[in-house]
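In: Build the 3D model from these lines:
(one chain, ligands or ions: 1)
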Amino acid sequence: MAENLAPKGLDGVAVDVTSIATTDNSGNLLYRGYRAIDLADRKSFEEVAHLILFGKLPSADESAKFREFLKKNSALGGRIPEIMKIEKQTNLMDSLRSYVSLEPYRNSEAGLLLAEIASKFPQIISSSARINEGSAPLHSIDGSYAENLYYLLTEKKNPRYARFLEKLLILYMEHEFNASTFALRVAASTLTDPVSAIVAAISTLKGPLHGGANSEVLTYLLSFKSEEEALKFVEEKLRRKEKIMGFGHRVYKEKDPRAQFVKIELKKLIGNTDVYRYATAIEEYIWEKKKLPANLDFYAALYLKTLGIDEKFYLPIFACSRVFGWGAHYLEQQADNKIIRPLSVYTGPTGLTLE
Ligand code: ACO
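Out: Predicted coordinates for the structure are as follows:
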């Protein structure tokens with residue numbers, strides 16, 4: 001029996017080492033040593049995905065090859081589009097979970113297979129949504145990962161908006177032992193295959209306390225007609241001790257650097273508009289009253305809306321990026337593995353006898 005019970009939710013407990021990402025003493029999120037916000041500002045999605053998955057920033061040649069690999073593998077194979085037509089799923093995370101398992105993959109080496117799985121996420125979510133709405137799936141375009149994703153989600157080509165999307169995608173890519181990554185590591189520690197482990201991660205990301213917060217943020221942010229109304233809403237939520245989506249974080253207790261980066265980018269897009277002011281007023285109010293920082297999802301929701309992307313895609317977009325982090329953790333877990341199997345402290349009855 002366990003002598004020491006770990007804190008609920010493993011809060012504050014380090015369960016293993018990782019060399020993929022961390023938050024430094026100044027509160028910066030680092031990807032393999034580089035600040036995530038610097039990478040978002042100066043690097044492409046493909047370069048950062050390569051860094052996360054394979055541990056090194058690619059040369060120009062490696063980057064081009066990786067982009068080509070992602071493009072070449074992005075189409076859906078087998079009978080997936082046909083099955084999508086029959087088995088319509090309204091929640092795109094459910095579609096993602098199902099179709100990732102059904103896809104016939106070509107690669108068998110774990111790193112390549114993980115990159116192949118990731119490369120299909122944009123087509124799965126776009127095709128699934130379009131088939132549900134009665135439109136034909138779109139073919140990928142010849143552009144960067146972000147340009148193609150932007151096109152698949154909006155049916156528009158807009159390199160400027162695609163670059164804004166790319167910055168957010170980079171910030172969503174990795175965050176050490178978050179819930180979905182931890183779920184994936186538990187799965188990987190049993191030596192299960194990459195597809196099964198990614199499915200565990202998708203299922204965990206779907207929950208509203210993890211990835212599902214961003215579209216809920218938009219619902220309330222767009223409902224206000226004045227700053228007063230916005231503050232009243234959060235005041236009431238705090239009074240009733242209800243969670244306000246887009247606030248709080250297990251790691252960031254003062255500022256989420258990703259949220260602050262996206263806030264600046266958002267201002268470039270929409271300026272000091274009413275909704276921007278409501279958002280910043282809410283952020284200040286919640287910090288003052290509860291000392292909770294806005295997390296990445298708080299500003300990401302408005303950001304994606306401004307880019308003209310439909311709400312149903314917000315969480316799947318998060319998955320399209322985080323899947324590269326999941327892949328890196330799968331490889332790291334298996335490189336130095338011990339099955340993750342903690343103990344529990346039993347609180348049920350003992351000594352019962354059958355009649
Ligand atoms: N709104 C109101 N109060 C909150 C919020 C919130 N969003 N988040 C935390 N609190 C309160 C808790 O009620 C608790 O208060 P108490 O001490 O008075 O009981 C205190 O702050 C500590 O909160 P915990 O829930 O213990 O924090 P924890 O680290 O366990 O949870 C989490 C972190 C899950 C992100 C939490 O803050 C939350 O539920 N936030 C809302 C959902 C959300 O925005 N998720 C997105 C996360 S970021 C991402 O995945 C990209």
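In: Now name the helix or strand holding residue 63.
Out: helix 60-73 (DSSP states H and E).
In: Please apply the same query to residue 22.
Out: strand 21-23.
In: Next, see if that strand gets close to the ligand.
Out: No: if you take C-beta under 6 Å from any ligand atom as the test, strand 21-23 misses the ligand, and the best it gets is 13.0 Å. In this view, the C-beta of every residue, glycine as well, is placed from N, C-alpha and C.
In: Now do whatever helix or strand comes next after that strand: which elements does it pack against?
Out: Per DSSP H and E, strand 21-23 leads on to strand 29-31 as the next helix or strand towards the C-terminus. With contacts defined as 3 or more C-beta pairs under 8 Å, 6 or more residues apart in numbering; DSSP states H and E, the secondary structure elements packing on strand 29-31 are strand 21-23, helix 36-42, helix 45-54.
In: Mind putting these into TSV with mean neighbour count?
Out: Compiled in TSV, the helices and strands packed on strand 29-31 are given as follows (neighbours: other C-beta atoms under 10 Å):
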stretch	mean neighbour count
strand 21-23	18
helix 36-42	18
helix 45-54	25
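In: if we can go back for a sec, show residues contacting the strand holding residue 22.
Out: Contacts to strand 21-23, defined as C-beta atoms under 8 Å, 6 or more residues apart in numbering, come from residues 29, 30, 31, 32, 36, 52, 174, 175, 176, 251, 252, 325.
In: quick revisit: what are the contacting residues of the very next helix or strand once past the helix holding residue 63?
Out: Using DSSP H and E, the next helix or strand after helix 60-73 towards the C-terminus is helix 80-86. In this structure, residues lying in contact with helix 80-86 by C-beta under 8 Å, 6+ apart are 95, 99, 102, 103, 124, 127, 128, 131, 137.
In: now, which of these lie within helices?
Out: 95, 99, 102, 124, 127, 128, 131 (DSSP state H).
In: Put together a markdown table for the helices and strands packed on strand 29-31, with distance to residue 310 on each row.
Out: Shown next, in a markdown table, are these (distance: least, C-beta to C-beta, whole Å):
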| stretch | distance to residue 310 |
| --- | --- |
| strand 21-23 | 29 |
| helix 36-42 | 23 |
| helix 45-54 | 20 |
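In: okay, these in JSON lines with mean pLDDT next?
Out: Rendered in JSON lines, the data for the helices and strands packed on strand 29-31 read as follows (pLDDT from 0 to 100):
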{"stretch": "strand 21-23", "mean pLDDT": "97"}
{"stretch": "helix 36-42", "mean pLDDT": "98"}
{"stretch": "helix 45-54", "mean pLDDT": "98"}
